[in-house]
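J.: sequence and predicted structure are below.
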Amino acid sequence: MFRRGRDAMSGYFDAASTEPLHPAARSALVSALDSAWADPARLYGAARSARVELDRARARVAAVLGVRPDEVAFTTSGTQAVQLGILGTLRSRRRVGRHLVVSAVEHSSVLHAAEAHERDGGEVTIVGVDETGRVDPGEFAAALRPDTALACLQSANHEVGTVQPVAEAAEACRAARVPLLVDAAQSVGRMPVPSGWSLLTASAHKWGGPAGVGVLVVRKGTRWRSPLPEDEREGRRVPGFENVPAIVAAAAALEAFAADMATAAPELSDLVGMIRTRVPELVPDVQVVGDPERRLPHLVTFSCLYVEGEALLTELDRLGFAVSSGSSCTADTLRPSHVLEAMGVITHGNVRVSLPRDAEPSAVARFLAVLPDAVARLRAAAGVTGA
């Protein structure tokens with residue numbers, strides 16, 4: 001069981017799922033609960049104050065992303081941002097065609113939107129990846145057709161950390177006059193935003209903001225029409241009352257988190273590099289997956305043969321480490337990771353380690369110290385010897 005306080009947090013290695021709330025977000029949220037609670041669409045004083053806070057938050061997020069404030073809309077999650085971005089672009093470009101291009105390792109929110117498009121009579125081309133999880137830019141360009149309405153390529157993979165060739169894909173899309181949507185949930189705040197895209201999505205809890213705030217950026221000149229009934233909120237892009245305090249906190253967290261990463265990212269990358277090197281040395285029959293160089297600074301996934309991933313996660317949790325599985329089967333599907341399947345690597349016994357911004361080298365050292373015995377105990381319990 002985790003101990004309360006700082007000792008508990010030192011073993012939290014699941015930042016790819018959600019980054020712990022940034023102190024800047026906590027401070028901004030508490031303040032905004034008092035100053036920005038009113039309806040920003042109204043005209044009385046408290047409402048105008050909320051509107052000012054909302055507009056300021058939009059400008060702060062836009063500045064970090066390098067876009068115009070009026071290109072930024074706030075959604076209720078990164079998933080909603082992705083699905084609005086995809087379905088809205090497809091709807092607005094039906095005259096061009098109904099062909100959608102996605103990579104095989106996109107987040108499930110992208111793939112579910114693609115499935116909905118197929119059910120509605122559209123066509124989807126899925127571009128494969130190599131063993132590191134990276135799309136070949138030439139194959140991605142070759143998938144574009146005259147009737148392609150939209151292409152989607154993540155900035156970096158959420159399970160194995162591989163950074164995708166977004167700039168090359170964007171150049172091909174520009175030449176083909178196809179808008180490109182980039183799911184940047186795992187990279188915003190951690191790495192520079194890639195260039196050339198038409199739509200970008202992100203999620204605040206990935207950078208230490210509160211859950212329940214997503215970002216949808218639609219660049220000027222990109223055709224987009226909401227797939228939902230129209231609403232006056234968020235430039236008619238996102239229906240519903242804006243959670244202004246949470247948005248204000250998300251903007252504060254993004255500014256602070258991006259500043260933190262200027263120094264923290266190289267340190268995290270060194271720690272991840274140590275994990276990539278040491279785990280195969282300490283544990284027999286292990287495969288480290290993902291690109292060793294073109295990767296996110298904070299994330300690494302490895303697969304242990306002869307061990308169930310869920311059992312290993314439970315054992316590591318008992319030892320004080322919160323990690324996730326790159327191939328966790330869900331109760332409703334009982335299927336392993338589509339990312340690892342697309343890469344052609346081991347799809348069981350997987351552990352994803354993703355370090356938060358303030359991860360301590362001593363905590364990583366403790367993790368490496370307990371991992372070999374944990375794997376050995378599980379293999380012995382399963383009757384595996386000599387591994």
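T.: Sure, I can see it.
J.: just the element for the residue lying closest to Pro297 once chain neighbours are set aside, please.
T.: Leaving out its chain neighbours, the residue that sits closest to Pro297 by C-beta to C-beta, 6 or more residues apart in numbering is Ser269, at 3.9 Å. Quick note: C-beta positions are derived from backbone N, CA and C, even for glycine. Per DSSP states H and E, Ser269 falls inside helix 244-282.
J.: which strands or helices does that helix pack on?
T.: Applying 3 or more C-beta pairs under 8 Å, 6 or more residues apart in numbering; DSSP states H and E, we find helix 244-282 packed against helix 23-35, helix 45-65, strand 286-289, strand 299-304, helix 361-381.
J.: looking at these, which is buried most?
T.: Across those, averaging neighbours per residue (mean count of other C-beta atoms under 10 Å) puts strand 299-304 on top, at a mean of 26.
J.: ok, it: who's next to it in the sheet?
T.: Sheet pairing for strand 299-304, assigned by DSSP bridges, gives strand 286-289 (antiparallel), strand 350-354 (antiparallel).
J.: the nearest residue to Val384 once chain neighbours are set aside and Gly320, how far apart?
T.: For Val384, the nearest residue in space outside its immediate sequence neighbours is Tyr306; the separation is 4.3 Å by C-beta to C-beta, 6+ apart. For Tyr306, the distance to Gly320 under the criterion C-beta to C-beta, to the nearest Å works out to 24 Å.
J.: swap in Pro292?
T.: Between Pro292 and Gly320 the distance, using C-beta to C-beta, works out to 28 Å.
J.: next one: Thr132
T.: With distances taken as C-beta to C-beta, Thr132 is found 31 Å from Gly320.
J.: ok, now Leu312?
T.: When distance is defined by C-beta to C-beta, Leu312 is 14 Å away from Gly320.
J.: higher neighbour count, the two?
T.: For Leu312 versus Gly320, the count of surrounding residues by other C-beta atoms under 10 Å is larger for Leu312: 21 against 18.
J.: so where's the protein uncertain?
T.: When residues are selected by pLDDT under 70, those of the chain lie in 1-9, 326-335, 386-387.
J.: domains for it, by residue range?
T.: Domain assignment for the chain, taken from automatic domain parsing, gives 6-20+262-380, 23-255.
J.: check contacts around Ser198.
T.: Contact criterion C-beta atoms under 8 Å, 6 or more residues apart in numbering gives 89, 173, 179-181, 218-219, 222 as the residues in contact with Ser198.
J.: which among the residues you listed end up buried?
T.: Restricting the contacts of Ser198 to buried positions leaves 89, 173, 179-181, 218, 222, with burial counted as 16 or more other C-beta atoms under 10 Å.
J.: report how many residues lie close to Arg357.
T.: Each residue near Arg357 was counted by other C-beta under 10 Å, and the total is 22.
J.: I'd say it and Phe257 touch.
T.: Yes. Under the criterion of C-beta atoms under 8 Å, Arg357 lies in contact with Phe257, with a separation of 6.6 Å.
J.: and Asp291, what element?
T.: Taking DSSP H and E as the definition, Asp291 sits outside all helices and strands.
J.: contacting residues around it?
T.: Contact criterion C-beta under 8 Å, 6+ apart gives 132-134, 160-163 as the residues in contact with Asp291.
J.: if we take these, which one ends up nearest to Arg366?
T.: Proximity of the contacts of Asp291 to Arg366, judged by C-beta to C-beta, is greatest for Gly161, which lies at 21.8 Å.
J.: so who does the closest one touch?
T.: With contacts taken as C-beta under 8 Å, 6+ apart, Gly161 has the following neighbours: 186, 272, 290-291, 295-296, 298-301.
J.: try it again with 6 Å
T.: By C-beta atoms under 6 Å, 6 or more residues apart in numbering, the contact list for Gly161 reads 290, 295-296, 299.
J.: which phi and psi does the residue lying closest to Ser354 once chain neighbours are set aside have?
T.: Leaving aside its sequence neighbours, Ser354 sits nearest to Ala16 (C-beta to C-beta, 6+ apart; 3.5 Å). The main-chain torsion angles of Ala16 are listed as degrees, to the nearest 10 and equal phi -70, psi -30.
J.: how near is Gln216 to Ser10?
T.: No, residue 216 isn't Gln; it's Leu. The spacing between Leu216 and Ser10, counted by C-beta to C-beta, is 35 Å.
J.: who's more crowded, these two?
T.: Neighbour tally, Leu216 and Ser10, criterion other C-beta under 10 Å: the higher count belongs to Leu216, 26 against 21.
J.: so the more buried one: helix, strand or coil?
T.: At Leu216, secondary structure determined by DSSP: H, G, I helix; E, B strand; the rest coil is strand.
J.: isn't it right next to Ala73, touching?
T.: Yes. Leu216 is within contact range of Ala73, at 4.7 Å (criterion: C-beta atoms under 6 Å).
J.: and the nearest residue to Leu305 once chain neighbours are set aside, how many residues sit next to it?
T.: Closest residue to Leu305 in three dimensions, ignoring its sequence neighbours and counting by C-beta to C-beta, 6+ apart: Asp285, at 4.1 Å. Residues contacting Asp285 under the criterion other C-beta under 10 Å number 17.
J.: what of Leu271?
T.: Number of residues near Leu271 (other C-beta under 10 Å) recorded here: 22.
J.: tell me who's in contact with it.
T.: Under the criterion of C-beta under 6 Å, 6+ apart, the contact list for Leu271 reads Val364.
J.: what separation is there between it and Gly11?
T.: Here the distance between Leu271 and Gly11 works out to 14 Å (C-beta to C-beta).
J.: same question for Val283.
T.: For Val283, the distance to Gly11 - C-beta to C-beta - is 18 Å.
J.: buried set for stretch 142-162?
T.: Along stretch 142-162, the positions that meet the burial threshold by neighbour count (16+ other C-beta under 10 Å) are 143-144, 148-162.
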